[in-house]
Structure formats: structure tokens, C-alpha cells
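Student: my questions concern the predicted model and sequence given below.
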Amino acid sequence: MFFKKVEKKETPKGKVIPFLNQKGGVGKTTMCFNSAFALAKKGKKVLCLDMDPQANLSLLFGIDTCESGELNIHHLLVNSVRELKSIHTPCLVDDVIHEGEVDIIPAGQELSGFELTMAAISSPRQLILKKLLEKNDLLNRYDYIFVDCPPTLGLLVVNAICAGHGVIVPFRPDDFSKKGIMHFYDMLEDVQDMGIVEVPQVLAHIPNLVDARRKIEETDLLEIRELISKRVGEDRVVDPFFNRAQLVKSQASKKSVFDYGGKEFRPLHQQFTEIADIIETWNN
Ligand SMILES: Nc1ncnc2c1ncn2[C@@H]1O[C@H](COP(=O)(O)OP(=O)(O)OP(=O)(O)O)[C@@H](O)[C@H]1O
Ligand SMILES: [Mg+2]
């Protein structure tokens, strides 16, 4: 009698890391972009995935899908849902990936209709991204897939969380952030309660745009630190990123900070490399 050999599926090597915070302008895109290049400098193969309809990350890679009308992550997500066959656009994942030192799958403004498009489907709406990544074997092609999230806690972000292994949360140390961070942990608990995926680990909360001269920020930061420690039982807040003009300069030229060799860029090289180190240490 012949038995079909059942191949044992190995756990793929790649890890999905969403950068998220429901607040806007806290540095998600900036951290995602530069930390991806920090890991690429260490020889890792990194894919950036833009899940924000604003498509800021795509613009940093020099891609404007609004202007070019090219296919983007929205089309891949829709195509991956069989029930939506009538609105599929023929394309493969490799048609959408732009290759470079760091690869990118761009976003498009069509993503703003994601929630509505998915409203009527019967398959699990939270797992569309996870299944897309698995089906296309992207977790075996890349060491890390960085997901830049929009400033919401909507379905796009829930998809990023459900596909994620470890998350990075940049924030501005102000009074509003305290509530926001607690909402974020409530939401992680909600995802856990759904019982369909393992909730990703929070790798770091990164205070950003900190002005060292402002005493109130120092106090707020301390309070946020205590709040997180109380909630999760450990200090997950790393050293702050200060407000630095060099970051604005590099972004205006659509370059990572590692494209600049000047002394004034060294603290930024160091900080983004530290984020890369946190991710690698966790993954080892
Ligand atoms: N440490 C920093 N120093 C100076 N400017 C910064 C720093 N971090 C981010 N910025 C600037 O702040 C602005 C907002 O950053 P970014 O777009 O990364 O935030 P975001 O959280 O992705 O925003 P959104 O929620 O709208 O997507 C950008 O103009 C960026 O260049
Ligand atoms: Mg952004």
C-alpha cells in the first residue's frame, strides 16, 4: 500500500512587524522606512508594505500610485478574496513588488475603501493580509516584512496585527498618548479574545519627536512608562528620539538616513540601528 508522504510544513523564517499607533504624525512611517534600511545594512532581506491610504511610505520610495495608477496592495488584497471575483484585477504579487535595497509593495488611495469593500464577505475579514502573505510564500522570501499602518484602529490595522509577529509603537510623549496607548492594549486583548491568531508581541514603544528642553514631556514620558509597566508588567519604552532636522532633510530627498555620512547623522544611524537590534535580538 502506498501512503502519500505528508510533508511537514516548516515554520517560515520571515517575521511581520507592523509599525502602529492610532494617532497621526507620531513617526510610524519614518521609523518603518529607516529601520528597514538599518536591517538591510545588516544583510537582511526586508520588504516594506504600505497599508496606509495616504501612501506616505510609498512616496518615500519614490512611488506615487495616485499619479501612475499602478497596481498596489489594495488589488492584491481584493484578489485574494474569492468571493470578490467580480472585482478582481489580474495581477501577481511580483507585478506589485518594487525591488531595491529594501523592497516595497506600495499603497494606493483605493485602500481607503477597504473596510467597505470587505464588509459583505463571509470569510474572516481580519485574516486577509495574513493569508495573502502565506499564500504567496512571502514569509520565506523575506527575513522581515515591515508594515506601515494608517493612524486608525480600523480593519486595515486589525489585518496588520493579525498578520504580525512583533509590533513597534512610536508615540509622542504627551497627555493624549496615555489614553491612546491603553486603547491600543485593549484592542490587542480584543484580538486575543477572538481566538483566531496568536497576538503579536509588543517589541518597543518608541518616544519620538521629543524636545529635551520641555519639562512637561519628561513628566508625561515618565507617566507613560509607568502606565505601560503596570499594564504589561515590563518596561517596553526605549530611549527617546529627539526632534531632528536631519530626518526632515533626508525625507525631503526621499533617502534613508544611512545615505548620509555626516557627523550630524550619526545619532540617527545609531538609533535606527538600535531598533534593528531590538528586532533581531527578539527574533534570535
Ligand atoms: N524624530 C523626528 N525629528 C524630526 N521630524 C520627525 C521625526 N520623526 C518624524 N518626523 C516628521 O514628522 C512628520 C510625521 O512623521 P510620520 O509621517 O513618520 O508620522 P506617521 O505616524 O507615519 O503619520 P501618519 O499617522 O499620518 O501616517 C513627518 O514630516 C516626519 O518627517
Ligand atoms: Mg504614516
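Tutor: Okay, I see it. Ligands and ions are numbered 1, 2, ... in the order given.
Student: tell me what Asp148 is bridged to.
Tutor: Phe19, Asp50 (DSSP bridges).
Student: can you give me every residue that contacts it?
Tutor: If you count contacts by C-beta atoms under 8 Å, 6 or more residues apart in numbering, Asp148 has them with Phe19, Lys28, Thr29, Cys32, Phe33, Cys48, Leu49, Asp50, Met51, Asp52, Asn56, Leu57. Just so you know, the C-beta spots here come from the backbone N, C-alpha and C atoms, and that holds for glycine as well.
Student: 6 Å instead?
Tutor: Phe19, Lys28, Thr29, Cys32, Asp50, Asp52, Leu57 (C-beta atoms under 6 Å, 6 or more residues apart in numbering).
Student: for stretch 83-96, measure first residue to last.
Tutor: Length of stretch 83-96, first residue to last, C-alpha to C-alpha, to the nearest Å: 22 Å.
Student: just the element for the residue of the chain found nearest ligand 2, please.
Tutor: Nearest to ligand 2 in the chain, going by C-beta to the ion, is Thr29, at a distance of 3.3 Å. Using DSSP states H and E, Thr29 sits within helix 28-41.
Student: could you find the closest non-adjacent residue to the residue of the stretch 151-284 of the chain found nearest ligand 1?
Tutor: With C-beta to the nearest ligand atom, the shortest gap between the stretch 151-284 of the chain and ligand 1 falls at Pro151, namely 3.4 Å. Using C-beta to C-beta, 6 or more residues apart in numbering and skipping residues adjacent in sequence, the residue nearest Pro151 is Gly24, 3.7 Å away.
Student: what distance do you get for that neighbour to ligand 1?
Tutor: 4 Å (C-beta to the nearest ligand atom, to the nearest Å).
Student: okay, now that residue: neighbour count?
Tutor: 11 (other C-beta atoms under 10 Å).
Student: ok, the residue of the stretch 151-284 of the chain closest to ligand 1 - contacts?
Tutor: Counting by C-beta under 6 Å, 6+ apart, Pro151 touches Gln22, Lys23, Gly24.
Student: if we can go back for a sec, residues touching the helix holding Thr29, excluding its own?
Tutor: The contact list for helix 28-41 (C-beta under 6 Å, 6+ apart) reads 19, 21, 46, 48, 56-57, 60, 101-102, 144, 146, 148, 170, 256-258, 272-273, 275-276.
Student: show me which of the residues you listed neighbour ligand 1.
Tutor: Under the cut-off given by C-beta under 6 Å from any ligand atom, ligand 1 has Asn56 from the contacts of helix 28-41 close to it.
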